[in-house]
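Colleague: Kindly generate the corresponding structure for this input.
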Amino acid sequence: MRNLEILDLSGNSIQEELPVDLSELYYLTGMFLSYNQITGIFPSEFGNLVNITRFRLQNNQISGYEAGGISTSMTALVEVDLSYNAISNRDDIIQLIKDVSDCV
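Modeller: Have a look, this model is predicted:
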């Protein structure tokens, strides 16, 4: 599966944390995990997904963001949707905005 380009598991009942192992899918261009019950943090390891163009993770229960989850090496990134989650820590939100701004 290392050559996988699109991962779409939207609209399921996934109730786990975001698996850090997904960061090993280097050819991934789209990650669509919206409308689940995913918990935990948006991990810094996702910054390794240099071919990613779209992250759609809205309508989950993601509660935090690690610096570097969105990295400047993501030169093809055009969309990040983390709306309707539980990221409420001010520092996490500021870091997320900074990383996205630095990326684009």
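
Colleague: rest of the way, CA atoms for contacts and neighbours
Modeller: Fine.

Colleague: Next up, the contacts around residue 42.
Modeller: Going by CA atoms under 8 Å, 6 or more residues apart in numbering, residue 42 touches 18, 62, 64, 65, 66, 69.

Colleague: and what of residue 57?
Modeller: 31, 32, 33, 34, 35, 80, 81, 82, 83.

Colleague: how close does it get to residue 32?
Modeller: Distance from residue 57 to residue 32, counting by CA to CA, to the nearest Å: 6 Å.

Colleague: hmm, back to that, ok, so of the contacts of residue 57, who is nearest residue 48?
Modeller: Distance to residue 48 across the contacts of residue 57 (CA to CA) is lowest for residue 31, with 13.3 Å.

Colleague: my guess is that closest one contacts residue 49, does it?
Modeller: No - counting by CA atoms under 8 Å, residue 31 does not reach residue 49; the two are 10.1 Å apart.

Colleague: Dump the C-alpha coordinates for stretch 42-55 into PDB.
Modeller: Taking Å, rounded to 0.1, in the frame of the first residue of the first chain, the C-alpha atoms of stretch 42-55 are listed here in PDB:
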ATOM      1  CA  PHE A  42      -3.100  15.800  14.200                       C
ATOM      2  CA  PRO A  43       0.400  14.400  14.400                       C
ATOM      3  CA  SER A  44       3.700  16.000  13.300                       C
ATOM      4  CA  GLU A  45       4.600  12.900  11.300                       C
ATOM      5  CA  PHE A  46       1.900  13.900   8.700                       C
ATOM      6  CA  GLY A  47       4.400  16.600   7.700                       C
ATOM      7  CA  ASN A  48       6.200  13.800   5.800                       C
ATOM      8  CA  LEU A  49       3.400  13.500   3.300                       C
ATOM      9  CA  VAL A  50       5.100  15.800   0.800                       C
ATOM     10  CA  ASN A  51       2.800  14.900  -2.200                       C
ATOM     11  CA  ILE A  52      -0.500  15.600  -0.300                       C
ATOM     12  CA  THR A  53      -2.800  18.100  -2.000                       C
ATOM     13  CA  ARG A  54      -5.900  17.700   0.300                       C
ATOM     14  CA  PHE A  55      -6.500  16.800   3.900                       C
END
